[in-house]
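Asker: 3D model of this:
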Amino acid sequence: MEDWEPAPNIERCRFVAGWLALLCILCLAGACEAASMPTTLTPTPSPAPTAALAKLQVDIHPAGALVYVDGGEKGRTPLSLLVPAGVYEVRVQLDGYADWQRAIEVRPGEDLLMTAALADATPPEVKVRDLPDALQVGQSLSIAAHASDNEAVALMRLWIDGDTVAEAREPSLAYTWETGEIWAGLHEIIFEAIDATGNLGRESRHVQLAVPPTPEASPSSAATATKLPEARAHITAVTLLTYPFGPYLRERVDPKYNSRVVWLDRSAYEGSAPEPRPATFEAVVLENRYLHLTFLPDLGGRLYRCTLKATGQNIFYQNAVLKPSYWGPLSREENWWLAAGGMEWALPVHEHGYEWGLSWAYDLEQTVDGVSIAFRDKTASDGNRNDRLWAEVRVTLPEDRPYFVVEPRIENPTPEAIAFQFWLNAALTLGSASTSSNTEFILPAEQVIVHSTGDPALPGEGQALSWPLYDGRDLSRYGNWRNWLGVFVPGAQHGCAGAYNHDTGLGIVRLDTPQPLRGLKLFAFGVGFAARAEFSDDNTDYFEIWAGPCATFWPEDDVVLAPGESLGWTEIWWPFRGIAGFDRASAEVIARVTVRDGDLELGIVTSRARRARVHLDWDGGAFYQGVADLTPDRPFGVRVGLPEGASFPGELTVRVTDEGGAILLEYATGIVL
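Answerer: Numbers count the residues shown, from 1 in each chain. Reported below is the predicted structural model:
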């Protein structure tokens, strides 16, 4: 027999079993050793003692405001937090209120209470009861409104055509408007609500007053017909949002002119974190059947508003706030010129002068021909009138004309000759809140001189600029202005200049009588101007027309008055509508000619009701004569074919006469197709 040997699988099983037995013995030994030793736990961090934390209590009015600590939302007021010691940025925020923010430091164990009240930033909401769009002169109109606010309404005020007619120290106001003595036309009704913080809410409506139908004529009715009221004046008030710059104004004297110079301590003013609040100013109103003028004696005697009664449109810019800008004749840190809007008187130096924001004295005068207001600068009327220049500006509103007349007068009562500057400056938008890109500037020149510009594609200061076309760009259209530009018009060819807003259909003509002045300037910001926040809070802007006896702002063009000498002149400012601009104007007629589709279109506006004759000549040959019944509130237009065989360029002569043949306006203009 052969010898026997174990199978390989049996041998491996024995080997594994032995190792398992040894492992069990070792485990039992380890367990016994562990049982005989004390238990050890893995260490964990202990909470910091309560004394190492700080308690932060945020009790900010009103309740419910969100609290942020270092940018993270933590809850709503009133709120109590436990925080580690350290420095934190705490911000409290609630819709309708200004944010409140503070950097604080808390120490271990400190209990810090933060109390304050959020500043109300929400203006009241005004709701006006429904009004009719139109009614007849002589009817009564019930006007009412109610205001609501997140805090409380302190005052309600009602304005009609720029005049305050009623007030109430409660959230509701009702008023009955008697229209028997009111002009026919469009009237503006504004309700204002002011809360306890000074926030201003406003809502406006327009109502058209129409003349009642004329009854069948009879001897008795003709004898008792009511005559329209004459031009008149009255005193009221205007409320404007105003930054609190008053406490930071300082005074000194300019020894050259012996004049007060009021300047702004800007660093102190800006350090006060100023916010605008409503301020009320005395206002003087002149009105006739066509225009409503509002003056502010305490803001330099400026003509603040000029409203056309037929449409309710205002020719002047109206800034939503009075905000001190950096512009003016002083240093940047002292200037405080307010771009309030309207027409100001700038003297005795260039760039708005010294007295545009000071209080001017005034007198009112009523005559059979109209009503006037005469402003005198108090610098020259508050004592010795013989030690400095003095100025008077008279503005007259004729009884039956759709324009106003401005008559400045400067006198030198001193024993020495004085060189000075005087400018009349009008900030305009012509019926819109800001300058429309479709505004057309109309200047009597083919070349102007640049005062300053922010457009590098244009010539620089003191250089000539062709007008209106320069390098293929039509600068008579505001939409083509890339940045600010100011230009002087040297040697004006005739005494009228102005502008027309093609979006609103409203224009302005400025006329010199009897001779053109030396000084005429146009300024506007341009669509690319980036610093509107320096003078406004709503990104609006305006354009300026300056006029005066100085050719430019530069010192070599100062006017010199000898001892005892005076200087005065007359200007007419005429708002008009409906003829898409103007070519030429007189105190009687404004005219505009355009050529379209082979025809000639002529538009005419008159300053008084009359029957007129219109004559048109082409290259010296008459080709049209017509009769027109003209009234100031209704433009006249005619379209006629050009004469047969007319060649271009050609010269068109326009002549408008009254029925007796007296010339109201005559001029020639070149026509190029």
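
Asker: so who does the nearest residue to P468 once chain neighbours are set aside touch?
Answerer: Counting by C-beta to C-beta, 6 or more residues apart in numbering, S476 is the residue found nearest to P468 once chain neighbours are left out, at 3.7 Å. (Glycine included, C-beta is placed from N, CA and C.) For S476, the contacting residues are E440, F441, I442, L443, W467, P468, by C-beta atoms under 8 Å, 6 or more residues apart in numbering.

Asker: ok, the first one to G626 distance?
Answerer: Think E440. Note on E440: its distance to G626, by C-beta to C-beta, to the nearest Å, is 27 Å.

Asker: what of the fifth one?
Answerer: Applying C-beta to C-beta, one obtains 33 Å for the distance of W467 from G626.

Asker: so who does the residue most central in space within the chain touch?
Answerer: By C-alpha atoms, centre = their mean, the chain has its centre lying nearest to N319, at 2.4 Å. By C-beta under 8 Å, 6+ apart, the contact list for N319 reads L338, A339, A340, G341, F535, S536, T540.

Asker: equivalent analysis for Y326, please.
Answerer: Y326 touches R332, N335, E534, counting by C-beta under 8 Å, 6+ apart.

Asker: among these, name the buried ones.
Answerer: Buried by 16 or more other C-beta atoms under 10 Å: N335, out of the contacts of Y326.

Asker: list just the nearest of the contacts of Y326 to H206.
Answerer: E534 (32.5 Å; C-beta to C-beta).

Asker: related to what we said a few turns ago, mind putting the contacts of Y326 into CSV with secondary structure and distance to Q366?
Answerer: Compiled in CSV, these are given as follows (DSSP: H, G, I helix; E, B strand; the rest coil; distance: C-beta to C-beta, whole Å):
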residue, secondary structure, distance to Q366
R332, coil, 45
N335, coil, 39
E534, helix, 42
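
Asker: from the contacts of N319, which two are the most distant?
Answerer: Farthest pair in the contacts of N319 (C-beta to C-beta) is L338 and T540. Separation: 14.1 Å.

Asker: between these two, which one's more packed in?
Answerer: L338 (25 against 19; other C-beta atoms under 10 Å).

Asker: bridge partners for that one, pull those for me.
Answerer: Here L338 sits in beta bridges with P324, going by DSSP bridges.

Asker: and it, how far from I590?
Answerer: For L338, the distance to I590 - C-beta to C-beta - is 32 Å.

Asker: not counting its neighbours along the chain, what's nearest L141?
Answerer: Distance criterion C-beta to C-beta, 6+ apart; nearest residue to L141, sequence neighbours excluded, is W177 at 4.4 Å.

Asker: what's the local residue count around that neighbour?
Answerer: Count around W177 with other C-beta under 10 Å applied: 20.

Asker: what do you get for E411?
Answerer: Neighbours around E411, by other C-beta under 10 Å: 17.

Asker: cool, and E188?
Answerer: So E188, with other C-beta under 10 Å, has 18 neighbours.

Asker: same check on T513?
Answerer: 14.

Asker: that one pairs with what?
Answerer: With DSSP bridges applied, T513 shows beta-bridge pairing to T570.

Asker: dump the residue contacts of it.
Answerer: Under the criterion of C-beta under 8 Å, 6+ apart, the neighbours of T513 are G495, T570, E571, I572, A587.

Asker: swap in 10 Å and give it another go.
Answerer: Counting by C-beta atoms under 10 Å, 6 or more residues apart in numbering, T513 touches V405, E407, G495, W569, T570, E571, I572, S586, A587.

Asker: try W484
Answerer: W484 touches S452, T453, G454, D455, F523, A524, F525, G526, G528, F529, A531, D541, counting by C-beta under 10 Å, 6+ apart.

Asker: how about 8 Å then?
Answerer: So W484 contacts S452, T453, G454, D455, F523, A524, F525, G526, F529 (C-beta under 8 Å, 6+ apart).

Asker: if we can go back for a sec, could I get the phi/psi values of the residue nearest to L141?
Answerer: Main-chain dihedrals, W177, degrees, to the nearest 10: phi -100, psi 120.

Asker: where does R592 land on pLDDT?
Answerer: Note on R592: pLDDT of 93.

Asker: residues of stretch 185-199 that come out buried?
Answerer: Going by neighbour count (16+ other C-beta under 10 Å), the buried part of stretch 185-199 is 185-195, 197-199.

Asker: now stretch 198-216
Answerer: By neighbour count on 16+ other C-beta under 10 Å, the buried set for stretch 198-216 is G198, N199, L200, G201, E203, R205, V207, Q208, L209.

Asker: just the closest of the contacts of T513 to D163, please.
Answerer: Distances from D163 to the contacts of T513, taken by C-beta to C-beta, are shortest for V405, at 22.7 Å.

Asker: now secondary structure, distance to L291 and pLDDT too, for the contacts of N319, in JSON lines please.
Answerer: Listed next are the contacts of N319 as JSON lines, based on DSSP: H, G, I helix; E, B strand; the rest coil; distance: C-beta to C-beta, whole Å; pLDDT from 0 to 100:
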{"residue": "L338", "secondary structure": "strand", "distance to L291": "24", "pLDDT": "97"}
{"residue": "A339", "secondary structure": "coil", "distance to L291": "23", "pLDDT": "96"}
{"residue": "A340", "secondary structure": "coil", "distance to L291": "20", "pLDDT": "96"}
{"residue": "G341", "secondary structure": "coil", "distance to L291": "17", "pLDDT": "96"}
{"residue": "F535", "secondary structure": "coil", "distance to L291": "27", "pLDDT": "95"}
{"residue": "S536", "secondary structure": "coil", "distance to L291": "26", "pLDDT": "94"}
{"residue": "T540", "secondary structure": "coil", "distance to L291": "23", "pLDDT": "94"}
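
Asker: I'd like these written out as a markdown table, with distance to G138 added.
Answerer: Formatted as a markdown table, the contacts of N319 follow (distance: C-beta to C-beta, whole Å):
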| residue | distance to G138 |
| --- | --- |
| L338 | 41 |
| A339 | 41 |
| A340 | 37 |
| G341 | 34 |
| F535 | 44 |
| S536 | 41 |
| T540 | 38 |
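
Asker: against V406, how distant is R76?
Answerer: 60 Å.

Asker: and the two? Which one has more around it.
Answerer: More crowded of R76 and V406, by other C-beta under 10 Å: V406, with 20 against 15.

Asker: which helix or strand contains that one?
Answerer: strand 404-411 (DSSP states H and E).

Asker: can you give me the mean pLDDT across that strand?
Answerer: For strand 404-411, the mean pLDDT works out to 96.

Asker: show me what contacts the nearest residue to T429 once chain neighbours are set aside?
Answerer: Setting aside the residues directly before and after it, T429 is nearest to Y317 in space (C-beta to C-beta, 6+ apart), at 4.7 Å. Contacts for Y317 (C-beta under 8 Å, 6+ apart) come out as A339, G341, G342, A427, L428, T429, S434, T540, D541, Y542.

Asker: phi first, then psi, for Y317.
Answerer: Torsion angles at Y317 (phi, psi; degrees, to the nearest 10) stand at phi -70, psi 140.
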